[in-house]
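A.B. asks: quick one: sequence plus predicted model below, questions after.
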Amino acid sequence: MVERIYLDYAAATPLDQRVLAAMMPFLTTQYGNPSSLHYFGQQARAAVQKARQQVAASLHVSPQDIVFTSGGTEGDNLAVLGYLRAHAPHGGHLITTAVEHHAVLRTLEAMTRRGYDLTVLPVDETGRVAVDDLRRALRDDTVLVSVMYGNNETGTIQPIEEIGAVLKPTQAAFHVDAVQAYGYLPIHPEEEGIDLLTVCGHKIYGPKGAGALYIRHGLQVASESYGGPQEHRLRAGTENVAAIVGLGCAAELLTAERQGRYDQAARLKQRLYEQLVCRSGQIHLNGSLEHSLPNILNISIAGADSAVLLIALDRQGVAVSAGAACESGAITPSHVLQAMGTEDTWLRGSLRLSVGKETTEADMDQAVRSILAAADCIKEEGHE
């Protein structure tokens, strides 16, 4: 039997057993509808409100500013489309970066077919956007700027607080996709000038199908979801109470354990970097260690093909990815690495290694051996 090593925590984390324990009553004995007025319904309603408080506390905001969603994609869509429906239904200027998640990029691109203008800012070789480029791109009719906090493929952290300061005196709203960054960075939307912020549960050891959108107090967002008044009338339909409870518990655990998780991930990432990039001329770091999330390391093996590498490593029991999990079926190179100007030598052989709180040094060592063996194999084949 092959011993399995999981290095794809940026795609999904396992459900924390403490989170599962918090969810179980609402999957079994506490089954009331939060909209019902009787005892069973009020039990469920109180659980949803507690979860709202837990998520809000993790972001240092008011519970009334948290709306529950099904995850990052829905949160991004609600933030972008909901804000535009409420404030600029007939068009306007939008700004984003070339390295955003497709949940944002494709949504904004769809808006260009409805009469909106879109500016996509370039990034440098590390994947960071220049604040001066953003400043120059601003127009009188700029209505929304969307910039990811930490990139899901390379881990690159954007200068969010600086961008928030630039946007503060303007009329443009600032949306931030913090799905990856939430699990490791202390985020304070009100201090950073963020108007809308997306997080989700399955990146922080919570359940899949649960997320949250922070909406700055007083900011109007319109929904196209028709039905009941749930979630401040922004998401009609009976709440997924168990998943919401799980998200709340995961957020509370995160608040208590974030620094420890950060330190452990950073140590393991440094170990990976030293044993892979520093030891092999065949392996290239995509991005940089500076301004980067502690859990994600994106590398390329010269002359390799990502799909072939993923299959070969999986056969050896090492689970990694080539980029965003939701794009894993694509055969085209990563749009993030292309935007960073990655050379063709490295572009098609990229791997994303992402560690988590269960990752051990033994896991690292086995993964390193497998990756180095794959690099050596490719090098030997190139000399035949």
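C.D. replies: That came through fine.
A.B. asks: what about E153, distance to V320?
C.D. replies: Going from E153 to V320 by CB to CB, to the nearest Å gives 12 Å. Placement of C-beta: from N, CA and C, glycine included.
A.B. asks: so for those two, which residue has more residues nearby?
C.D. replies: Counted by other CB atoms under 10 Å, E153 and V320 do not tie: E153 has more neighbours, with 27 against 24.
A.B. asks: can you list the low-confidence ranges for this structure?
C.D. replies: Regions of the chain meeting the criterion pLDDT under 70 cover residues 323-331, 379-384.
A.B. asks: on that earlier part again, list residues touching both of E153 and V320?
C.D. replies: Counting by CB atoms under 8 Å, 6 or more residues apart in numbering, the contacts common to E153 and V320 are R352.
A.B. asks: would you map the helices across the stretch 51-200 of the chain?
C.D. replies: Using DSSP state H, counting those that start in this stretch, the helices of the stretch 51-200 of the chain run over residues 72-87, 102-112, 131-137, 160-167, 189-192.
A.B. asks: just give me the neighbour total for the nearest residue to G356 once chain neighbours are set aside.
C.D. replies: Leaving aside its chain neighbours, G356 sits nearest to Y9 (3.6 Å; criterion: CB to CB, 6 or more residues apart in numbering). Using other CB under 10 Å, Y9 has 22 neighbouring residues.
A.B. asks: hmm, L353 and Y9 touching each other?
C.D. replies: No: if you go by CB atoms under 8 Å, Y9 and L353 don't touch, sitting 9.4 Å apart.
A.B. asks: just the C-alpha atoms of stretch 294-307, please, in CSV.
C.D. replies: Backbone C-alpha positions of stretch 294-307 (Å, rounded to 0.1, in the frame of the first residue of the first chain) are rendered in CSV as follows:
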residue,chain,number,x,y,z
PRO,A,294,3.1,30.8,4.7
ASN,A,295,1.4,27.7,3.4
ILE,A,296,1.8,27.9,-0.4
LEU,A,297,4.9,27.2,-2.5
ASN,A,298,4.6,27.2,-6.3
ILE,A,299,7.5,25.7,-8.2
SER,A,300,8.2,24.6,-11.7
ILE,A,301,10.3,21.7,-13.0
ALA,A,302,12.1,22.6,-16.3
GLY,A,303,10.9,20.6,-19.3
ALA,A,304,8.1,19.0,-17.4
ASP,A,305,4.3,18.8,-18.0
SER,A,306,2.2,19.5,-15.0
ALA,A,307,-0.4,16.9,-15.8
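A.B. asks: may I see the buried residues of that stretch?
C.D. replies: By neighbour count on 16 or more other CB atoms under 10 Å, the buried set for stretch 294-307 is 294-302, 304-306.
A.B. asks: tell me which of these is nearest to E358?
C.D. replies: The closest of these to E358 turns out to be N295 (CB to CB; 12.0 Å).
A.B. asks: hmm, L353 and the closest one touching each other?
C.D. replies: No: using CB under 8 Å, N295 is not in contact with L353, being 9.2 Å away.
A.B. asks: hmm, back to that, out of the helices of the stretch 51-200 of the chain, which is closest to I244?
C.D. replies: With CB to CB as the criterion, I244 lies closest to helix 72-87 of the helices of the stretch 51-200 of the chain, at 13.5 Å.
A.B. asks: could you identify the longest helix within the chain?
C.D. replies: Criterion DSSP state H: the longest helix present in the chain is helix 241-276.
A.B. asks: which parts of this structure are strands?
C.D. replies: 5-6, 66-69, 93-97, 117-121, 142-146, 173-177, 196-200, 211-215, 283-285, 296-301, 318-319, 350-354 (DSSP state E).
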